[in-house]
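Colleague: how would this look folded up:
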Amino acid sequence: MTQNPSSRGGRAVPAMHGRDQPAIMPGTSQLPDHFHAQDDDYVIPFAVEPLDVRGRVIRLGPLLDTMLDRHDYPEPVSRLLAEMVVFTLLLGTALKFDGRFIVQAQGDGPVSLLVVDFTTPDGVRAMARYDSERLDAMIEQGIRTSAQLMGKGHLALTVDQGPHMQRYQGVVAMQGESLEEMAQAYFLQSEQIPTRVRLSVAQSIEAGDHGRARWRAGGLLAQYLPRDASELPARDLHPGDHPEGAEAVHEPVAQPDRWREAEAMVATIESDELVDPQLGSDRLLFRLFHERGVRVFEGSEVVGRCSCSPDRVQATVKTFGDEPDASMLVDGAIEVTCEFCSRRYRFDPDSYEQVS
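Modeller: The predicted model follows:
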């Protein structure tokens, strides 16, 4: 996804939020005193300048738990949707415009649709659709991989800057066994910027929760953004004329040494490090890059926010005409439930006025 840029050597780079904090100097063995342990529901931008790498790291706690608890999806569906939320926020929070960034995964599996809708600068909502019978059958067989649950389909990323601007959409086929691999495949096919994505989701039980498992998630995105654009590895375009039924052969693209080093560091991240409530983003970045030095920028908070409202839902209900379908009536009133936030709206079928 090409971010709304601040210019560096002719290449688009993610714009960073706020003022930057003092960098972790190369070779240091301790964190500066200002570094904090926890940063749930914040996106933290960072830069590893010696490696020409920029990126973002995110931890989700109460925001994600509230969102998934409201929906009460089956565990595999909640896990998939949580990964989609992390991926969307890693990308969406770098975009600098007033509008929406929407990531959608649609397939022919029991989990047929995942949608995450991010409204700049900080609001997110999400929903999923699934076939209960098919999902239960797969779970009984022990099948839980993203690829099997979602089946064949596509991943679509949409940038909507409002009614007076043209929408941008990138669509690729879903490839890989996990959503992390699917995200990686998207960047490989759609971007010229070398990128590495890590995603992790878990449930944790903390003291005072009376045995209730709470959802947590985390992710990290790193991109190679050299000052000289000519240092970016060039990838051949699809030839388009290979024999029908045969796979096009792509030669491996030589990667710059600095990016290979950064990618190797990112690959060492353990899944539990991304969701550990006692390991903040600053400390994770310190673990990864302290030998090279990493500059950590001020984070930006993300919040759960749905765009539904009584007026909007009422306007939709009025389009049903004078005789709404009987299946829409619950206890004598038209009942509509928002798929994103699960809020219920009730309207009088005669006057279309909202009722309690």
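
Colleague: bridging residues for Ala47?
Modeller: Residues in a beta bridge with Ala47, per DSSP bridges, are Arg54, Arg295.

Colleague: quick check: it vs His164, distance?
Modeller: 33 Å (C-beta to C-beta, to the nearest Å). Yep, even glycine has a C-beta here, placed from its N, CA and C like the rest.

Colleague: which of these two has more residues huddled nearby?
Modeller: Between Ala47 and His164, counting by other C-beta atoms under 10 Å, Ala47 is the more crowded of the two (22 against 5).

Colleague: report the contact partners of the more buried one.
Modeller: Going by C-beta atoms under 8 Å, 6 or more residues apart in numbering, Ala47 touches Met16, Val53, Arg54, Gly55, Val294, Arg295, Phe297.

Colleague: among the residues you listed, which has the minimum pLDDT value?
Modeller: Minimum pLDDT across those is recorded for Met16, with 33.

Colleague: need the contacts of Ala47 in CSV with neighbour count, can you?
Modeller: CSV is the format used below for the contacts of Ala47 (neighbours: other C-beta atoms under 10 Å):
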residue, neighbour count
Met16, 18
Val53, 26
Arg54, 24
Gly55, 25
Val294, 23
Arg295, 18
Phe297, 18
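
Colleague: next, count neighbours for Met165.
Modeller: Neighbours around Met165, by other C-beta under 10 Å: 12.

Colleague: what does the one 3 residues further on give?
Modeller: Number of residues near Tyr168 (other C-beta under 10 Å) recorded here: 13.

Colleague: change the start of the numbering to 2 and stick with it
Modeller: In the new numbering, first residue 2, that becomes Tyr169.

Colleague: chain neighbours aside, what residue packs nearest to it?
Modeller: With C-beta to C-beta, 6 or more residues apart in numbering as the criterion, Tyr169 has its nearest non-adjacent residue at 4.3 Å, and that residue is Val160.

Colleague: and what of Val125?
Modeller: Phe119 (5.0 Å).

Colleague: tell me the buried residues in whichever helix in the chain runs longest?
Modeller: Looking across the chain with DSSP state H, the single longest helix is helix 76-93. In terms of neighbour count (16 or more other C-beta atoms under 10 Å), helix 76-93 has its buried residues at 77-93.

Colleague: the helix or strand just after it vs helix 76-93, what angle?
Modeller: Per DSSP states H and E, the first helix or strand lying C-terminal to helix 76-93 is strand 101-108. Between the axes of strand 101-108 and helix 76-93, defined by axes from the mean of the first three to the mean of the last three C-alpha atoms, to 10 degrees, the angle is 140 degrees.

Colleague: so what strands line up beside strand 101-108?
Modeller: Going by DSSP bridges, the partners of strand 101-108 are strand 112-120 (antiparallel), strand 154-161 (antiparallel).

Colleague: deepest in the core, which of those is it.
Modeller: strand 112-120 (a mean of 22; mean count of other C-beta atoms under 10 Å).

Colleague: CA atoms of that strand as PDB?
Modeller: Written as PDB, here are the backbone C-alpha positions of strand 112-120 (Å, rounded to 0.1, in the frame of the first residue of the first chain):
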ATOM      1  CA  VAL A 112     -15.400 -17.600   7.200                       C
ATOM      2  CA  SER A 113     -16.600 -15.800   4.100                       C
ATOM      3  CA  LEU A 114     -15.900 -12.200   4.900                       C
ATOM      4  CA  LEU A 115     -13.700 -10.100   7.200                       C
ATOM      5  CA  VAL A 116     -13.900  -6.300   7.100                       C
ATOM      6  CA  VAL A 117     -12.000  -3.700   9.100                       C
ATOM      7  CA  ASP A 118     -12.900  -0.100   8.500                       C
ATOM      8  CA  PHE A 119     -10.400   2.500   9.800                       C
ATOM      9  CA  THR A 120     -11.500   6.200   9.900                       C
END
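
Colleague: what's it in contact with?
Modeller: Here strand 112-120 has contacts from 77-78, 81-82, 85-86, 88-90, 93-94, 100-107, 125-132, 136, 150-152, 306, 308, 341, using C-beta under 8 Å, 6+ apart.

Colleague: then stretch 95-105?
Modeller: 4-5, 15-16, 46, 57, 85, 88-89, 92-93, 114-121, 156-163, 166.

Colleague: for stretch 275-290, same thing?
Modeller: 25, 32, 36-41, 43, 45, 47, 49, 52, 58-60, 62, 199-203, 205, 207, 217-221, 266-267, 269-270, 274, 295, 297, 300.

Colleague: just the pLDDT at Glu76, thanks.
Modeller: 94.

Colleague: swap that for Asp326, sorry
Modeller: Confidence score, pLDDT, at Asp326: 70.

Colleague: now swap in Leu286 and tell me
Modeller: Per-residue pLDDT puts Leu286 at 94.
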